[in-house]
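Asks: Return a 3D structure for these sequence lines:
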Amino acid sequence: MIDIQTTLSSIEREDAHTSGAYPKRPVSIVRGSGSTVWDSDGNSYLDATSGQGVALLGHCHPAVVIAISEQAQTLITCPEIFYNDQRSALYEQLHSVLPNDLDRYFLCNSGAEAIEGALKVARLLTNRTGIVATMRGFHGRTLGALSLTWNKEYREAFEAWQPTVNHFPYNNLERAAEAINEDTAAVVVEAVQGEGGVHPADVEYLQGLRQLCDERGALLIVDEIQTGFGRTGRWFAFEHAGIVPDVVALGKGIAGGVPMGAVAWRGSLGTLPKGSHGSTFGGNPLASAAAIAAITNLREDNLPARSAELGTWLLNELNSRDLPGVREIRGLGLMIGIDLRVRVTPILQALQERGILALPAGKTVLRLLPPLTITQAELLTIVDSIEAILQEQNA
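Replies: Numbers count the residues shown, from 1 in each chain. Coordinates of the predicted model:
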């Protein structure tokens, strides 16, 4: 029996057993409320990461907490070999916010799993094998999702185990037309590239991909894992282009912070053969209850529209400031990338010292993914800090 030394810090205890897969920051987050989190020493931080884009409603939103608590006292787990009231209610919630054509769902536990499911949907419902994805795209680290992900640093060690994927440049319809052919089962694209540097897709590009897929019989899969449920100022980022994908991968903010993912596809494509896919925990009652609460509150508080309004204000505010060393500021809604002429890591460290948590998006892009409930005053604090740090760094 191991004697657990409670005098050790949580950082020391994690370092003794962690996998090593994560680049960790030297701070132990132990509590959260709204847009603020606290570390084990009682220091507070404005969270412009929202848990890597997860906490759309902020941390520990009361409605999600209540839903989890009540469901935990009723039924926690129920595999999809049985019917369940929470799961069926979640299906109806998803149907209410997605385009009506997207009315078949597979529930899972993460965004990467949603991508894996989307690939299976494409293979099984088209009987084709070719997959096309974009340069700079990021879709997860499980083997199928990893094959779509462009960054070779993630892929190289596992390439022998990955399916072959044809990558073409983002926002380039001519190259897309060359890549998509009669063997292509699916084209996989982010409506806004997140990890790849916060690059929104051109409207004409997404519309053109839709047309190419229609002409050539391929499915258009849109990865909305980071952009979905109001992040970009619409319920889903593909709505900015006025298109409807064949398949959508969902995750991150879908359940208010509880692990969940989902694949949605056009019912006209059909359903999956029995036993062709599965997930023990997918669509469990606890996560489903959390997702129902999250989607309900996103709708009741009109948070997609709020994201659009605050995002426009934030972009204008950033562009009005004296920000030396910035190449470009881009984004949609509350998904903002500040492209720097230097590496972003020192800027992230300086922000953390000032009590602000933010994310990278590649080596030079500062990414802001705050909760959709963040206040304008809190955003102003973030902007002021970014301005001050960049001026200090370039003095």
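Asks: What's opposite the closest residue to residue 364 other than its chain neighbours in the beta bridge?
Replies: Spatial nearest neighbour of residue 364, excluding adjacent residues (CB to CB, 6 or more residues apart in numbering): residue 340 at 4.9 Å. Every C-beta, even on glycine, is put in place using the N, C-alpha and C of the backbone. Beta-bridge pairing of residue 340, defined through DSSP bridges, involves residue 326.
Asks: hang on, residue 340 packs against residue 366?
Replies: Yes. Look at residue 340 against residue 366 with CB atoms under 8 Å: they come within range, at 6.4 Å.
Asks: Show me which of the two is the more surrounded one.
Replies: Legend: neighbour count by other CB atoms under 10 Å for residue 340 and residue 366, higher for residue 366 (24 against 21).
Asks: Dig out what the more buried one forms beta bridges with.
Replies: Assessed by DSSP bridges, residue 366 has beta-bridge partners residue 338, residue 360.
Asks: contacting residues around it?
Replies: 337-338, 340, 344, 347-348, 358-360, 386 (CB atoms under 8 Å, 6 or more residues apart in numbering).
Asks: Quickly list what's touching both of residue 340 and residue 366.
Replies: In contact with both residue 340 and residue 366: residue 347, using CB under 8 Å, 6+ apart.
Asks: Identify the spatial nearest neighbour of residue 237, chain neighbours not counted.
Replies: Counting by CB to CB, 6+ apart, residue 237 lies nearest to residue 191, which is 3.4 Å off, once chain neighbours are set aside.
Asks: With residue 332 instead?
Replies: Closest to residue 332 by CB to CB, 6+ apart is residue 232, at 3.9 Å.
Asks: Give me the neighbour count for that neighbour.
Replies: Residue 232: 27 neighbours (other CB under 10 Å).
Asks: Where does the prediction get shaky in this protein?
Replies: Under the criterion pLDDT under 70, the flagged ranges of the chain are 1-8.
Asks: what about 50?
Replies: Flagging of the chain using pLDDT under 50 yields the residue ranges 1-6.
Asks: Spatially nearest residue to the spatially most central residue of the chain (excluding sequence neighbours)?
Replies: For the chain, the residue nearest the mean C-alpha position is residue 226 (1.9 Å; CA atoms, centre = their mean). Using CB to CB, 6+ apart and skipping the chain neighbours, the partner closest in space to residue 226 is residue 194 (4.3 Å).
Asks: Sort out which one of the contacts of residue 366 lies nearest residue 279 for me.
Replies: Closest approach between the contacts of residue 366 and residue 279, by CB to CB: residue 359, at 27.8 Å.
Asks: Next, count neighbours for that closest one.
Replies: Neighbours of residue 359 (other CB under 10 Å): 20.
Asks: Residue 37 belongs to a helix, doesn't it?
Replies: No. Counting by DSSP: H, G, I helix; E, B strand; the rest coil, residue 37 falls outside a helix, being strand.
Asks: begin at 607 from here
Replies: All set: I'll call the first residue 607, so the last point we hit is now residue 643.
Asks: I figured it hits residue 649, correct?
Replies: No. The criterion here is CB under 8 Å, and residue 643 misses it with residue 649 at 9.5 Å.
Asks: Would you mind measuring from the residue nearest to residue 970 to residue 974?
Replies: Separation of residue 946 from residue 974 (CB to CB, to the nearest Å) stands at 13 Å.
Asks: likewise residue 696?
Replies: Applying CB to CB to residue 696 and residue 974 gives a distance of 29 Å.
Asks: got it, and residue 655?
Replies: 8 Å.
Asks: Find residues that contact each of the two.
Replies: In contact with both residue 655 and residue 974: 964-965, using CB under 8 Å, 6+ apart.
Asks: Pick out whichever of these two has more residues nearby.
Replies: Ranked by neighbour count (other CB under 10 Å), residue 655 and residue 974 place residue 974 first, with 26 against 21.
Asks: What helix or strand is the nearest residue to that one once chain neighbours are set aside located in?
Replies: Once flanking residues are discounted, residue 974 sits nearest to residue 942: 4.3 Å by CB to CB, 6+ apart. Assigned by DSSP states H and E, residue 942 belongs to strand 941-946.
Asks: Which residue ranges make up the domains of this structure?
Replies: According to automatic domain parsing, the chain comprises the domains 616-666+908-999, 668-906.
Asks: Most tightly packed of the ones you listed?
Replies: Mean neighbour count (mean count of other CB atoms under 10 Å) peaks for domain 668-906 among the domains of the chain, with a mean of 20.
Asks: mind checking the end-to-end distance for it?
Replies: 14 Å (CA to CA, to the nearest Å).
Asks: same check, this time on stretch 697-712
Replies: 10 Å.
Asks: Name the residues that touch that stretch?
Replies: By CB under 8 Å, 6+ apart, the residues outside stretch 697-712 that reach it are 723, 727, 835, 841-842, 850-851, 854, 868-875, 877-878, 883, 885, 888, 897-898, 901-902, 905.
Asks: Quick one: distance of that stretch to the chain centre.
Replies: Between the centre of stretch 697-712 and the centre of its chain there are 18 Å (CA atoms, centre = their mean, to the nearest Å).
Asks: follow-up on the earlier one: the residue nearest to residue 832 against residue 973, yeah?
Replies: Yes. With contacts counted by CB under 8 Å, residue 800 reaches residue 973, the gap being 7.3 Å.
Asks: Now do the shared contacts for these two.
Replies: Taking CB under 8 Å, 6+ apart as the criterion, residue 800 and residue 973 both touch 941, 967.
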